[in-house]
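Enquirer: Sequence and predicted structure are below.
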Amino acid sequence: MIASSELKSSNFACSKIIHKSPILHPLARFVTEETVALLFNVSEDEIYRIECCRYMVYVHAKGISRFVSYADFPPILEVKPIAAQDFGRWYKRWKSKQAPAFWTKFYTHKFKKAVSVDSLLEWGLLVATVKSVISGAALQQLRDVYAQEKDLMEKF
């Protein structure tokens, strides 16, 4: 039998993402604890649970109890790639054909967190696939951050 103190110190962590609906929303693949933490400016430890419901995501964290649209979650690398239908799902939710400002913050974070030029390139290619939904100013900001991070990595 393992003592509770041993469980806390292990590297094993249970996912806080709970799928409440038998029908998984196609954009649910982009929902991660890291993204929720960045979206609400909390640490991942402060997240109690993330419930993926049929049409919305319910986030319960320290001081937070909110429903969030799946369309607010930017695409990530670790899952099935973006499909043409995803753009329709985003447009249906957004008031304009522009991604939420959070997407710029998220991709800036990912560029700065990249551990290699190859990883940075992968994130850059992902942003390139969704550049049509990112404002011109935000896209330029992302290009500047990308170039700065690439330059730092190549000189290091």
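Expert: Nice, I can see it.

Enquirer: mind listing what residue 55 touches?
Expert: For residue 55, the set of contacting residues under the criterion of Cβ atoms under 8 Å, 6 or more residues apart in numbering consists of 25, 70. Every residue, glycine included, has its C-beta placed from N, CA and C.

Enquirer: ok, 10 Å please
Expert: Going by Cβ atoms under 10 Å, 6 or more residues apart in numbering, residue 55 touches 21, 23, 25, 67, 69-70, 93.

Enquirer: Show me which of the residues you listed are buried.
Expert: Buried positions within the contacts of residue 55, assessed by neighbour count (16 or more other Cβ atoms under 10 Å), are 25, 69-70.

Enquirer: Please identify which of the residues you listed is nearest to residue 53.
Expert: Checking the buried ones among the contacts of residue 55 against residue 53 with Cβ to Cβ, the nearest one is residue 25 at 8.1 Å.

Enquirer: wait, what's in contact with the closest one?
Expert: When contacts are counted by Cβ under 10 Å, 6+ apart, residue 25 is found next to 19, 31, 52-57, 69-71, 89.

Enquirer: same check, this time on residue 135
Expert: Listed by Cβ under 10 Å, 6+ apart, the contact set of residue 135 reads 96, 98-99, 101, 103-104, 141.

Enquirer: Give me the longest helix you can find in the chain.
Expert: Among the segments of the chain that qualify as a helix by DSSP state H, the longest is helix 136-155.

Enquirer: Show me what secondary structure element comes after whichever strand or helix holds residue 39.
Expert: Per DSSP states H and E: residue 39 is located in helix 33-40. From helix 33-40 onward toward the C-terminus, using DSSP H and E, the following helix or strand is strand 47-52.
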